[in-house]
Each structure stands twice: as C-alpha cells, then as structure tokens.
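**Q** sequence below, structure please.
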Amino acid sequence: MAKNHIIWIICASTVMGCTSCDRQPSEGRTSFNALAQAYEEAHAQGDIDALLDLVYVGAGPAAEMNRRWFRTRFEHDLKRSLKRIRRTRLTRDQRDVLTHPTLKPRGNIEIEWTPPDPLTVTPASFYPYGKRDGIYYIAATGPEAIEEDLRAWSRGDDITIRQPGVRQRAELALSRWRNDMVDPEPILFWATHSRPDGRPSGVAFNFYDEDMDVVGFGVEERHTAPNGTVEILEEEYPVLLHLGAWNDVLNMFSVPISIRNAGQRVDTQQWARYTASEPFDAHAPKSREAWEATLPPVWVSRSEPNAVEVNVYVYDRAGHRSTPIPLLNSFRKD
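**A** The predicted model follows:
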C-alpha cells in the first residue's frame, strides 16, 4: 500500500490569543510561532486560500493532489473551534511513515479543537512542518511516494503484487501519473476475498484514482448450472459514499460482505435510503465497527471453478469505472 497522505502539524503554544500581531506574509514565516500565527489568523478569518498558502504542495501531478486533499482537510478544520496550537515532536513511527514528503519534516503542528460532539475520537489535528529557503510551511506528500510504489509494482518486486495483470495495470497507472493530467478513471490493481481470523468475510480492494472520488464497487457474476444454463448478476454497492474524500491516489479499502448462497440480491430500497442518508464526518474518526453498522447487506458469491465466475470493479461519483478483474479467493471452504 502506498504511503498515506501526510496529515499532521506543529505549532507554538505561546501564539494563541495574540491579537496585536499583524498577519505575516510568507516571507515573514521564519519561525514556528509565525507559522502557527498564520494558521490561527487564517482560521479566524475563515480564509481557506490563506490556509492553502501555508502548505508546500510540491510540483508536478502531486501538487494538484495535495491541493485537493488539503482543501478538503482545511474545510473540515474551519467547521471547528480552535482551542490552542502547539509544537510537538515527530515520533519514530511518524518518521517511518513520512517517506518522500515535499519538505524534510522538523516536527508537528498540533491543533487542538473544541470537540464538536462526544463521538470525536481525537480533538486535534496534526500536520508536519518543514523549512524551505528560510520559510516555514506545512509539508505535503511528495511525488516520489507515488512513483516509488508504482515502479515497484510494475516490476513485480513485491510478492503481494504478483497477481495476473497487476504489473500491466501498475504500468498504466504510472504512465497516467506522469502525463500531467488528472485522469478520472480509477484503476483496480487487485481485489481479494478473505475471512480474517475472528471476523466475517470481506473483500479488500487496492486501487489508483487520480481525482480521489471512488465511492463504491460493482460485482459481475456468471453462474453456470450443471445443465449449462448461465445466469448473469450485476450489482453495485456505494459502500464508501459517506466516507468523504480520499487522501491519496493510491488506496486500499476492505468491506464486510455476506456470501451469496441462495440467490440473494442487492436490496435496492435499503441502499437508496443509505444513499439519501446524512453522511458522517470522515474527519471525525469513528471506529470501523461504527461504519460497518451503517451498511445494508453486501452480497458477493464465492468463486467456484467451472461454476461461478466473479469479477469486480470500483467506481466513482461521476460513474467512471475501473476495468473489471477477477476476485481472488484467499480462504478455505468450511
């Protein structure tokens, strides 16, 4: 899986409540305090563009990805009441994740919020910061983080990637990443049907999507009876519709499913109600169990040689679909 888009921050605790200081231009952000003050003032003014000016987004296709991600992130920040900002150190685990950022991280800005509701897991945002030409910025994801994975996958360097067609799809994704355009069609690298220990059956998807708006997956099944009769099933499940924007062009998600074993079909009325329901806030973290509890039943058949063929794809808000690929089985029959 690709390195996740970077979503942490630093700051100085001494700047909160500073009302006598004029807003600093970027040329004046030569200290931690100045960066923190600039964030505080932009937040107080509800100025999303001023917040985006604090981010060093980099160059090339990664820059647009970073702008989209931070705009979504900051739009959420503006909905909350800022309590205080302080500087924190990067932990060893955080440094391990920060591969190929746009700037060498020097620490985190931690922004504490007044919790909007009791379900909020953490009332703080964290962004890494760095320094370029004497100016302090929030660091974003560098383009090398994407290319590194796509190059490795196109070479088949990882045992996880050694599945039929994955190398070719990774090569296609790499060519799209380098063309300086935002290609809206997602690419599904692989999908695996499994049953983790102690958990229900699920399907995991690894995919590439430059405009980061995948909302669900589709299943295409071909059932062949012993007498040669063929039945085709096609269904779509918008399981990710209410989870907000993705934070990277390379992503993985898994969804709990029920095994189709008696002709079950998608309940279109239940899914219509789910689609029309209020989304819960993807940036106010909730447990996986809480998300799973919101989903109507998801039915997928187990593939069987010469009897059941199962292909899947991912699709986005505009209806763009990835090319369907076979669903891989990775668990034993009961």
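
**Q** alpha carbons of stretch 60-69, as CSV, please.
**A** Taking Å, rounded to 0.1, in the frame of the first residue of the first chain, the C-alpha atoms of stretch 60-69 are listed here in CSV:
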residue,chain,number,x,y,z
GLY,A,60,4.1,18.0,-10.9
PRO,A,61,0.9,15.9,-10.6
ALA,A,62,1.4,15.5,-6.8
ALA,A,63,0.8,19.3,-6.4
GLU,A,64,-2.8,19.1,-7.5
MET,A,65,-3.4,16.0,-5.4
ASN,A,66,-2.1,17.9,-2.4
ARG,A,67,-4.2,21.0,-3.1
ARG,A,68,-7.3,18.9,-3.3
TRP,A,69,-6.5,17.0,-0.2
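
**Q** residues in contact with that stretch?
**A** Surrounding stretch 60-69, the residues in contact under the criterion Cβ atoms under 8 Å, 6 or more residues apart in numbering are 5, 52, 55, 57-58, 102, 140-143, 145-146, 177-180, 182, 210-212, 245, 247-249. From N, CA and C alone the C-beta is placed, and that goes for glycine too.

**Q** please repeat the previous calculation with a cut-off of 7 Å.
**A** Residues lying outside stretch 60-69 but in contact with it, judged by Cβ atoms under 7 Å, 6 or more residues apart in numbering, are 5, 52, 55, 57-58, 140-143, 146, 177, 180, 182, 212, 247, 249.

**Q** need the worst-confidence member of those.
**A** The member of these with the lowest model confidence is residue 5, at 40 (criterion: pLDDT).

**Q** next up, identify which helix or strand residue 192 is on.
**A** Counting by DSSP states H and E, the secondary-structure element that holds residue 192 is strand 187-194.

**Q** partners of that strand in the sheet?
**A** Strand 187-194 has these partner strands in its sheet, going by DSSP bridges: strand 202-208 (antiparallel), strand 328-329 (parallel).

**Q** the contacts of stretch 60-69: which two are farthest apart?
**A** Of all pairs drawn from the contacts of stretch 60-69, the one with the largest separation by Cβ to Cβ is 52 and 177; the distance is 22.2 Å.

**Q** comparing the two, which residue is more hemmed in?
**A** In this view residue 52 and residue 177 are compared by other Cβ atoms under 10 Å, and residue 177 has more residues nearby, 22 against 17.

**Q** residue 148 in helix, strand or coil?
**A** Following DSSP: H, G, I helix; E, B strand; the rest coil, we place residue 148 in the helix state.

**Q** same question, the one 4 residues further on
**A** Residue 152 falls in the helix class when you classify it by three-state DSSP.

**Q** how about residue 253?
**A** On the three-state scheme (three-state DSSP), residue 253 is labelled strand.

**Q** tell me where the stretch 1-150 of the chain has strands.
**A** Counting by DSSP state E, counting those that start in this stretch, residue ranges of the strands within the stretch 1-150 of the chain are 55-56, 81-88, 107-114, 124-132, 135-139.

**Q** could you export the last one as CSV, CA atoms only?
**A** The C-alpha coordinates for strand 135-139 follow below in CSV (Å, rounded to 0.1, in the frame of the first residue of the first chain):
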residue,chain,number,x,y,z
ILE,A,135,10.3,30.0,5.2
TYR,A,136,8.2,27.5,7.3
TYR,A,137,5.5,25.5,5.6
ILE,A,138,3.2,22.6,6.3
ALA,A,139,4.7,19.6,4.4
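
**Q** report the central residue of the protein.
**A** The residue lying closest to the centre of the chain (Cα atoms, centre = their mean) is residue 246, at 3.2 Å.

**Q** not counting its neighbours along the chain, what's nearest that residue?
**A** Once its chain neighbours are removed from consideration, residue 246 has its nearest residue in residue 212; the separation is 4.0 Å (Cβ to Cβ, 6 or more residues apart in numbering).

**Q** can you give me the helices in this structure?
**A** In order along the chain, the chain carries the following helices (DSSP state H): 32-45, 48-52, 61-77, 92-97, 143-155, 166-177, 268-276, 288-294.

**Q** mind giving me the packing neighbours of the second one?
**A** Applying 3 or more Cβ pairs under 7 Å, 6 or more residues apart in numbering; DSSP states H and E, we find helix 48-52 packed against helix 32-45, helix 61-77.

**Q** kindly report the same for the first one.
**A** Helix 32-45 sits against helix 48-52, strand 81-88, strand 135-139, with contacts defined as 3+ Cβ pairs under 7 Å, 6+ apart.

**Q** of all these, which lies closest to residue 268?
**A** Between residue 268 and the helices and strands packed on helix 32-45, the shortest separation by Cβ to Cβ is 37.7 Å, and it involves helix 48-52.

**Q** buried residues, that closest one. List them.
**A** Neighbour-count burial for helix 48-52, counted by 16 or more other Cβ atoms under 10 Å, picks out 48, 50-52.

**Q** per-residue pLDDT of the closest residue to residue 78 other than its chain neighbours, please?
**A** Spatial nearest neighbour of residue 78, chain neighbours left out: residue 46 (5.6 Å); criterion: Cβ to Cβ, 6+ apart. The predicted local distance difference test score for residue 46 is 95.
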